[in-house]
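Undergrad: Structure for this input, please:
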Amino acid sequence: MKYKAVIFDLDGTLVNSIEDIADAMNQVLKNRNYPVFDYNTYKTFVGSGVKSLIHKALPKENQEPTEIETCLEEMMKVYSENCTNKTATYKGILELLDILYSKHLKLSILSNKEDSLTKKVAAAKLPNYLVPVLGLKHEALKKPNPQVVLEICKFHSIKPEEAIYVGDTGIDIQTAKNANMLAVGVSWGFRDTQELIEQGADCILNTPLDLLKVL
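TA: Model (predicted):
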């Protein structure tokens, strides 16, 4: 199979954003005198969008719908103002992207991070040749729903089986499988490789440049 496109998850795959995410959520929790969490714990919280993060971070007894919505609004504001403070690309990512671009592969991003924040982080930290860069706009379209990643294929005028989807969580692997794409996991992200294997990853990268071997 000759692959024509690589679609990437963002957080935990292209960029390490966990400290900015955790710092923002902890600020929301501190403002309410709720318990806060360390960075490693937040790695288990992320991957399914901000609303899911709020659910996991709030105390069980404080998960009324109004409280969730209020915290969501505050989290979005705090994180939006601080989403590029500590976030950085993983070692080897920029080199990989440049090589893929030189090979005329189509490169895109699909994240479960809210769409405007996905675009903001990508614009600050990644090359502008990743097109389109898409985040979550509607909860119903959240990964592993394959609808948006299939729309990216249509945008590039390719078949799903001509694309590789690269991510760091089981949800990313499910997304690729649901879309009939090659499912590639990364070992440097927010989840352990066992989760990726259990979800059926076709292969797992230990460094970004390992993707060149897959191609």
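Undergrad: Go through the longest helix seen in the chain and flag the buried ones.
TA: The longest helix of the chain (DSSP state H) is helix 65-82. In terms of neighbour count (16 or more other C-beta atoms under 10 Å), helix 65-82 has its buried residues at 71-72, 74-76, 78-79, 82. C-beta: built from backbone N, CA, C; applies to glycine.
Undergrad: How about stretch 11-21?
TA: Buried residues in stretch 11-21, counted by 16+ other C-beta under 10 Å: 11-18, 20-21.
Undergrad: Could you tell me which of those residues are located in strands?
TA: Within the buried residues of stretch 11-21, residues falling in strands by DSSP state E are 15-16.
Undergrad: Which pair in the buried residues of stretch 11-21 has the greatest spatial separation?
TA: 13 and 20 (15.5 Å; C-beta to C-beta).
Undergrad: my guess is residue 98 meets residue 130, correct?
TA: No. Using C-beta atoms under 8 Å, residue 98 is not in contact with residue 130; the gap is 11.5 Å.
Undergrad: Tell me which residues are up against the helix or strand just after the longest helix of the chain.
TA: As assigned by DSSP states H and E, the chain's next helix or strand after helix 65-82 is strand 88-89. If you take C-beta atoms under 8 Å, 6 or more residues apart in numbering as the criterion, strand 88-89 is touched by 14-16, 125-126.
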